[in-house]
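Colleague: Sequence and predicted model, in that order:
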Amino acid sequence: MLSKISDLRPDRPARAEAPSAHRPVQQQHSLLPILWRRRWTVLLVMVTALVVAGLYLLKTTRIYTAHSMIYLERQGVGIMSDSQSMDVKSDSFLYTQTEVFKAAPILTAALETVDYRHMKTFQGIDNVVAWLQLEKAFHVEVGKKEDVVTVSMDSPYPEEAAQFVNAVVDAYVTYENKQKRTTAVEMLKILQNEKTERDLELDRRLKDMLDFKKANGALSFQDNDKGNIILERLATLSNTLTSAELLTLDLATQQKQTAGILADPELIRAWVESQQAKEQNYDKELQGLRDQAQQLNVLLATTDQVMGLMSQRRQIYAADMRMVQTQIAAKEKRLVEAHMLEVSQDLAAAREKEDQLRVYFADQQKEALDLNTKAAEFQRLAADVDRTQKQCDLLDSRIKEVNVNSEDAGALNIQVLEAARVEDKPTKPRIPMTLSIALLLGALAGACLAMVMDWLDQTLRSAEEVSMALGVSQLGLVPHMRGKLSQSERGQVIHQHNTSDVAEAYRTIRTALHYGTSKTVKTILLTSPAPSEGKSTSASNLAISLAQAGHRTLLLDADLRKPVQHKIYNLHDKPGISDVLGGNAKLRDVIYPSGIARLSILPVGSVPRNPSEMMTSNRFAQVMESLIEGFDRIVIDTPPVMSVADACILASAADASILVVRCNKSRRKLSMMALEGLQSVGASVVGVIVNDIPRGNRDYGYGKYGTYGVYGASTTRSEKKKEPVLADAAAALASMQSAATDPSELPPDAIVLQ
């Protein structure tokens, strides 16, 4: 087991502690980034909506609308004049006229006028009138703020629509004119008959008035006669009697109120106070008693303070006070009783006067009735004659008006403001509005679809999503490598393109690894949740960055199933660690120089049949101990965590484990399961590398500086020749062999594996 490595090296540094990782606060995904990420989906839905709208517009029949505007005056011909309700105004007048426009007689007359049987608009319709009344194509509307009615017709044939609307308006005008003429003639007959009857009535009333006057010649019917004097006297007595009745009622009320006051001492005191305030009712005797009571109050108060409550003088003052108060109460009651007596006397006198006036009024009323009965009858006859004469005059005036209206009844209250004309632009469908609605609905549907797809998508799309999903520190963000690079170029990009932003990203990872751990780490394991997520490329470039920092570094390819490092460093068909573990090669013979200073490569070699058993063997533990003795840093490239168990086996013994995820490829749940798998075996996961960050995302600063991100600024061939090409591990082994020929002095790997 790998745990035996610690047993072989008790002085080995303790495993590096993972940097304090904290789970970032869950943040809500912004809508704009999601829409931008799914912009092609949104655009596709919008284009689809526009295409559907376009097909609809191409197949939809163009509809043209012809309309005519008519002004209707809210007045008709009445029997009486304006002052006698001739106006037939009504709030529902215009709405009633809209129903008249759609009435069967008018529509039938209009259809016959245009010969609708030969019109394309009405082809295939059995009952045209009923079809028009349903307002599917024919409309009659009332203006909101004016007395204007609009008649319109929708049809694919603009000429027929205009022709039919004008025919309907003409039929309505003709119908109204006919109705008004008929109404005027009938009304004229009624007025003439009424005029004849009123003339006969007037003659009869005049005859009655003259006969009455002849029969009563001795009676004067002038305004200044004796009868009028009697009536004036009767009116005067009536007014006087009314005043007397009001006075009696007022005095009776006062008497009742005064009786109520006498029943309550508090009301007596209040009434007396109100009377004392009036100068004409002021009572000096009562005021004197009140002044005396006030003086006694002062003496009582002084005596209480000087001699006490039980002194004889105080008792004398108290007795005097009670006597004065009794006198005041008696005085106040006498005043109210005196007022009561006065009111009672006035009430009796008023009632006596009222009775006398009633007698006088009855006598005068009888006299007036006897003298003016005939005069009143004459006045009634005169009034009847006058009223009948006015009715005759009014009927004469109305007969003249109706005669004038009957000559041209159609010109009074119907005006065609605008006749229907042939329209050259269709009203339906509305192309701009339809396309706008389609575009809006497409954008809305596309946004909803993008949100649903993003919610269903488990792919890690950004570094923020990686942090929120895994909750571990980010060691670095590696941008997307531009161009078509070979596998070897990708694995050595930090060496061949040392000024690129990718190279800077791996140097940042090296720095974060160095300062992010509390103790020095020697074995660094890189793995990923699934294949093709960049772990081998990251392992190679991280190993190069450590070598460039001055560490003797070994890149160990521990992926015994699908090795990659031999392709990056062109070590095809070379023996490797599997051959050492199988006993077919020595360790010193399978450590190869990389061509980069201080970096050695230990490939897999031949792919074994039992990789897991090799990883858990004692032989592998011994190999690792030997490698740890000979190198400062060992970078281990392992298989994906979720594919095989090799990564978890090696991670349990490594000083630091790094999980590599690929942006826009790694799955959220798979990455979380991979991290949990590593942590479950006690692996020291120091962080995560987010690989293949899109360069279009400026949140991470890629592409902002011209000197970064340019491939080709690599080390020249002459400079490469100056670098040592001998692997540091081989040099270390050679130096140890030259120092001592005794096998006991060789490193452990030479003893065990030679």
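Modeller: Alright, I've got the coordinates.
Colleague: Quick one: mean pLDDT for the strand or helix carrying Leu439?
Modeller: Assigned by DSSP states H and E, Leu439 belongs to helix 431-456. Averaged over helix 431-456, pLDDT sits at 88.
Colleague: go on, stretch 519-528?
Modeller: pLDDT averaged over stretch 519-528 gives 91.
Colleague: May I see the buried residues of it?
Modeller: Residues 521-528 are the ones in stretch 519-528 that count as buried (16 or more other Cβ atoms under 10 Å). In this view, the C-beta of every residue, glycine as well, is placed from N, C-alpha and C.
Colleague: Pick the one among those closest to Ile125.
Modeller: Ser528 (73.6 Å; Cβ to Cβ).
Colleague: distance of the closest one from Gln254?
Modeller: Distance of Ser528 to Gln254, computed by Cβ to Cβ, to the nearest Å: 114 Å.
Colleague: Can you show me the strands along the stretch 51-200 of the chain?
Modeller: 64-72, 138-142, 148-155 (DSSP state E, counting those that start in this stretch).
Colleague: can you redo these as JSON lines with mean neighbour count and mean pLDDT?
Modeller: Converted to JSON lines, these look like this (neighbours: other Cβ atoms under 10 Å; pLDDT from 0 to 100):
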{"stretch": "strand 64-72", "mean neighbour count": "20", "mean pLDDT": "89"}
{"stretch": "strand 138-142", "mean neighbour count": "18", "mean pLDDT": "88"}
{"stretch": "strand 148-155", "mean neighbour count": "21", "mean pLDDT": "90"}
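Colleague: Please work out the average pLDDT along the lengthiest helix in the chain.
Modeller: Looking across the chain with DSSP state H, the single longest helix is helix 312-407. The pLDDT scores in helix 312-407 average 80.
Colleague: How far off centre is it?
Modeller: 69 Å (Cα atoms, centre = their mean, to the nearest Å).
Colleague: helices or strands up against it?
Modeller: If you count contacts as 3 or more Cβ pairs under 8 Å, 6 or more residues apart in numbering; DSSP states H and E, helix 312-407 packs onto helix 158-215, helix 226-262, helix 265-276, helix 284-306.
Colleague: on that earlier part again, which helices and strands does the helix holding Leu439 pack with?
Modeller: Going by 3+ Cβ pairs under 8 Å, 6+ apart, helix 431-456 lies up against helix 31-37, helix 39-59.
Colleague: Report all helices and strands that the first one contacts.
Modeller: So that's helix 31-37. helix 431-456.
Colleague: what's the model's confidence in the next helix-or-strand element following the helix it packs on, averaged?
Modeller: Downstream of helix 431-456, the first helix or strand assigned by DSSP H and E is helix 463-470. Averaging pLDDT along helix 463-470 yields 86.
Colleague: hmm, who's touching the helix or strand following helix 463-470?
Modeller: As assigned by DSSP H and E, the chain's next helix or strand after helix 463-470 is strand 474-479. With Cβ atoms under 8 Å, 6 or more residues apart in numbering as the test, strand 474-479 has contacts from 463, 466-467, 501-502, 505-506, 508-509, 512-513, 516, 534, 538, 658, 686-695, 700, 702, 709.
Colleague: what angle separates strand 474-479 from helix 463-470?
Modeller: 140 degrees (axes from the mean of the first three to the mean of the last three Cα atoms, to 10 degrees).
Colleague: Strand 474-479 - which strands sit beside it in the sheet, and in what orientation?
Modeller: With DSSP bridges as the test, strand 474-479 is paired with strand 685-693 (parallel).
Colleague: Quick one: mean pLDDT over the strand it pairs with.
Modeller: 94.
Colleague: Could you give the number of residues near Ile268?
Modeller: 18 (other Cβ atoms under 10 Å).
Colleague: quick one: it and Glu337, what's the gap?
Modeller: When Ile268 is compared with Glu337 (using Cβ to Cβ), they lie 10 Å apart.
Colleague: Please enumerate the shared neighbours of those two.
Modeller: Common neighbours of Ile268 and Glu337 (Cβ under 8 Å, 6+ apart) are Leu262.
Colleague: out of the helices and strands packed on helix 431-456, nearest to Glu232?
Modeller: helix 39-59 (93.5 Å).
Colleague: Contacts for the closest one, please.
Modeller: 35, 429, 431, 434-435, 437-439, 441-443, 445-447, 449-450, 453.
Colleague: Any quick ChimeraX command for the buried ones out of these?
Modeller: Restricted to buried positions by 16+ other Cβ under 10 Å, the ChimeraX selection for the contacts of helix 39-59 reads:
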select :35,434,435,438,442,443,446,447,450
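Colleague: wait, what's in contact with the residue nearest in space to the middle of the chain?
Modeller: In the chain, the residue lying closest to the centroid (Cα atoms, centre = their mean) is Leu444, at 16.4 Å. Going by Cβ under 8 Å, 6+ apart, Leu444 touches no other residue.
Colleague: if we can go back for a sec, just the ones in strands from the buried residues of stretch 519-528, please.
Modeller: 523-527 (DSSP state E).
Colleague: Identify, from the residues you listed, the entry nearest to Met119.
Modeller: Thr527 (82.4 Å).
Colleague: Tell me which helix or strand the nearest residue to the closest one once chain neighbours are set aside sits in.
Modeller: The spatial neighbour of Thr527 that comes closest, neighbours along the chain excluded (Cβ to Cβ, 6 or more residues apart in numbering), is Ala647 at 4.1 Å. Taking DSSP H and E as the criterion, Ala647 maps to helix 646-651.
Colleague: which secondary structure elements does that helix contact?
Modeller: strand 523-527, helix 611-615, helix 668-680.
Colleague: Contacts made by the first one with the rest, please.
Modeller: In this structure, residues lying in contact with strand 523-527 by Cβ under 8 Å, 6+ apart are 513, 535, 538-539, 542, 624, 628, 633-641, 647, 650-651, 653-660, 674, 678, 683, 689.
Colleague: are any of the residues you listed buried, and which?
Modeller: 513, 535, 538-539, 542, 624, 628, 633-641, 647, 650-651, 653-660, 674, 678, 683, 689.
Colleague: Dump stretch 335-350 to CSV, restricted to CA.
Modeller: What follows is stretch 335-350, C-alpha atoms only, in CSV (Å, rounded to 0.1, in the frame of the first residue of the first chain):
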residue,chain,number,x,y,z
LEU,A,335,-87.9,86.0,40.3
VAL,A,336,-88.7,82.9,38.2
GLU,A,337,-92.2,82.7,39.6
ALA,A,338,-92.7,86.4,38.7
HIS,A,339,-91.5,85.7,35.2
MET,A,340,-93.9,82.7,35.0
LEU,A,341,-96.8,84.9,36.1
GLU,A,342,-95.9,87.5,33.5
VAL,A,343,-95.7,84.9,30.7
SER,A,344,-99.1,83.4,31.8
GLN,A,345,-100.8,86.8,31.7
ASP,A,346,-99.3,87.6,28.2
LEU,A,347,-100.5,84.2,27.0
ALA,A,348,-104.0,84.8,28.2
ALA,A,349,-104.2,88.2,26.5
ALA,A,350,-102.8,86.7,23.3
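Colleague: ok, Leu659 touching Ser528?
Modeller: Yes - contact status for Leu659 versus Ser528: in contact at 6.8 Å, counting by Cβ atoms under 8 Å.
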